[in-house]
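Enquirer: No sequence on hand, only this structure:
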């Protein structure tokens, strides 16, 4: 297999992983939070700890890798 055939497969796998990781993240915002407001009584932001922090950081890493693979695909064509 060449690099040109591996990159699109990597992009598909990374896209699926990003979707999974994002869906695993806990959402505390309701409809008001989606538009910049807050519907919750407690407006203090919680810090991410434990597995929540790992999932958040994994989403960032996967997004960066996806972007790099996408750029590599465009550059190699």
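Expert: Okay, I see it. Values in this document were obtained by computation on a predicted structure and should not be read as measured data.
Enquirer: Please make it C-alpha for all contacts and neighbour counts, starting now.
Expert: Will do.
Enquirer: do you know how far residue 25 is from residue 51?
Expert: Residue 25 sits 10 Å away from residue 51 when distances are taken as Cα to Cα, to the nearest Å.
Enquirer: Compare these two (neighbour count), which wins?
Expert: The residue with more neighbours, out of residue 25 and residue 51, is residue 25; 15 against 10, by other Cα atoms under 10 Å.
Enquirer: For this structure, which segments count as helices?
Expert: Using DSSP state H, the helices of the chain run over 3-24, 31-34, 51-76.
Enquirer: okay, these in a markdown table with mean pLDDT next?
Expert: Below are the helices of the chain laid out as a markdown table (pLDDT from 0 to 100):
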| stretch | mean pLDDT |
| --- | --- |
| helix 3-24 | 94 |
| helix 31-34 | 54 |
| helix 51-76 | 94 |
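Enquirer: Residue 18: neighbouring residues, count only.
Expert: Neighbourhood size, residue 18 [other Cα under 10 Å]: 19.
Enquirer: List the contacts of it.
Expert: Applying Cα atoms under 8 Å, 6 or more residues apart in numbering, we find residue 18 in contact with 59, 62-63.
Enquirer: Mind putting the residues you listed into JSON lines with neighbour count?
Expert: Converted to JSON lines, those look like this (neighbours: other Cα atoms under 10 Å):
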{"residue": "59", "neighbour count": "20"}
{"residue": "62", "neighbour count": "17"}
{"residue": "63", "neighbour count": "16"}
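Enquirer: Out of those, the closest to residue 72 would be?
Expert: Of all the contacts of residue 18, residue 63 has the smallest distance to residue 72: 14.2 Å, by Cα to Cα.
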